[in-house]
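1. quick one, what's the 3D model for this:
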Amino acid sequence: LKQDRVRGRIGQPSVPLTLNPDGAFSIGIKIGRRSADWLLVDFAGQVRQRESLDYVFPDASTLLPAIAERLNAMRDHLGVLRDRLVGVGVAAPFQLGGWHKMLGLSQAQSETWNQLDLRAQVQAMTDVPVSFAKDTSAACVAELVAGRGRDLKSFLYLFVDTFVGGGLVINSHLHGGLHGNAGAVASLPSGLAGGRDTQPAQLIHHASLWELEQRLMAHGLDPHGAYDERALSEPYVNETRAWLKQAANALAHAVVSGTAFLDIDAVVIDGSFCRPLLATLIAETGQALQHYNWEGLWPANVIEGTVGPDAPA
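-> You can find the predicted model right below:
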């Protein structure tokens with residue numbers, strides 16, 4: 001699209017051009033352990049339409065039809081522009097059934113998801129190309145393209161969701177690693193192993209919103225309060241403060257470890273919760289970092305992500 005002429009400079013007035021937002025559309029689908037999101041995104045990267053579905057855990061027999069229904073509805077919503085839908089992206093954990101005991105799932109439920117080819121299932125629902133990415137890698141790409149990546153060339157990305165996860169950007173490119181699993185901070189041990197029969201807890205046990213959910217439910221509070229503004233208000237805030245202290249110290253350990261291995265520009269933290277809670281978590285993480293020994297390292301700059309909960313989708 002042509003913009004207004006720019007006058008007052010040497011030579012002929014220039015005519016800036018910008019992408020036509022209606023030039024192309026895509027649909028992003030995030031399948032999480034607690035909810036699913038659908039976003040219709042235009043060529044300028046703006047969200048035109050959104051749908052969401054909350055659940056205790058995704059059941060394939062009901063979620064797959066829901067994906068098809070919302071996918072078709074978003075395509076139909078485009079009307080005469082429906083032929084400009086160029087692709088669908090699906091973001092989900094590599095093993096959606098992973099850590100099933102934490103979620104109270106049976107082995108059979110876990111295996112159903114771990115054996116399911118989500119990309120192929122969604123491809124069968126549409127004629128446009130479907131791509132798949134690990135959910136936290138997808139969120140990392142969103143931050144790279146539309147957020148902090150405009151200024152940072154290399155950063156470790158931490159996304160606090162039902163289960164914490166991450167991604168890695170090196171020289172302005174997503175670094176996937178040998179198995180496409182680089183930045184898998186959920187599995188980072190929180191301490192040293194004490195022997196054959198004792199294993200240190202992983203980061204996922206300390207810095208995931210699942211843990212805050214459990215604290216809230218133990219006090220008769222709505223676990224979904226972990227994801228919105230209620231987390232910082234009464235009567236939720238006491239449990240949130242306890243979770244913050246634990247999560248911040250665990251994230252600080254991940255920041256120091258990541259910095260030692262990667263020597264990166266910054267660590268970007270984002271999540272599927274409200275912005276005030278993110279700011280508080282980053283402030284708490286900064287405080288926790290002061291208790292770690294940085295001898296031999298350049299201290300990492302820990303900053304907020306800018307895309308927010310929409311990042312994976």
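
2. residue boundaries of the helices in the stretch 1-150 of the chain?
-> Using DSSP state H, counting those that start in this stretch, the helices found in the stretch 1-150 of the chain span residues 60-77, 107-114, 118-123, 135-146.

3. what residues of the third one count as buried?
-> In this case it means helix 118-123. 118-119, 121-123 (16 or more other C-beta atoms under 10 Å). (C-beta placed from N, C-alpha, C; glycine too.)

4. output the contacting helices and strands for it.
-> The contact analysis (3 or more C-beta pairs under 8 Å, 6 or more residues apart in numbering; DSSP states H and E) places helix 118-123 against helix 60-77, strand 85-92, strand 130-134.

5. which other residues reach that helix?
-> Residues from elsewhere that reach helix 118-123 (C-beta atoms under 8 Å, 6 or more residues apart in numbering): 29, 31, 64, 67, 71, 88, 90, 92, 96, 129-132.

6. and Phe261, what helix or strand is that in?
-> Using DSSP states H and E, Phe261 sits in helix 237-262.

7. let me know the angle separating the helix or strand just after that helix from helix 135-146.
-> Using DSSP H and E, the helix or strand that directly follows helix 237-262 along the chain is strand 266-271. With axes from the mean of the first three to the mean of the last three C-alpha atoms, to 10 degrees defining the directions, strand 266-271 sits at 120 degrees from helix 135-146.

8. give me the sheet partners of strand 266-271 and which way each runs.
-> Neighbouring strands of strand 266-271 in its sheet, by DSSP bridges, are strand 155-160 (parallel), strand 301-304 (parallel).

9. output that strand as PDB - backbone C-alpha positions only.
-> The C-alpha coordinates for strand 266-271 follow below in PDB (Å, rounded to 0.1, in the frame of the first residue of the first chain):
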ATOM      1  CA  ALA A 266      20.400 -11.400  27.400                       C
ATOM      2  CA  VAL A 267      17.900 -13.700  28.800                       C
ATOM      3  CA  VAL A 268      14.300 -12.900  27.800                       C
ATOM      4  CA  ILE A 269      11.500 -14.100  30.200                       C
ATOM      5  CA  ASP A 270       7.900 -14.200  29.200                       C
ATOM      6  CA  GLY A 271       4.900 -16.300  30.100                       C
END
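
10. buried residues in the helix or strand immediately after that strand in the chain?
-> Using DSSP H and E, the helix or strand that follows strand 266-271 in sequence is helix 275-289. Along helix 275-289, these residues count as buried under the neighbour rule (16+ other C-beta under 10 Å): 277-278, 280-282, 284-285, 288-289.

11. could I get the average pLDDT for helix 275-289?
-> Averaging pLDDT along helix 275-289 gives 97.

12. how about stretch 142-159?
-> 95.

13. show me where pLDDT drops low in the stretch 51-200 of the chain?
-> For the stretch 51-200 of the chain, the stretches flagged by pLDDT under 70 are 96-101, 103-105, 195-197.

14. ok, now with 90
-> Applying pLDDT under 90 to the stretch 51-200 of the chain picks out residues 54-61, 93-116, 179-181, 190-200.

15. next one: the stretch 201-313 of the chain
-> Residue ranges of the stretch 201-313 of the chain with pLDDT under 90: 201, 264-265, 300.

16. quick one on the thing from earlier: got JSON lines for the helices of the stretch 1-150 of the chain, with distance to His206 too?
-> Converted to JSON lines, those look like this (distance: least, C-beta to C-beta, whole Å):
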{"stretch": "helix 60-77", "distance to His206": "29"}
{"stretch": "helix 107-114", "distance to His206": "22"}
{"stretch": "helix 118-123", "distance to His206": "28"}
{"stretch": "helix 135-146", "distance to His206": "17"}
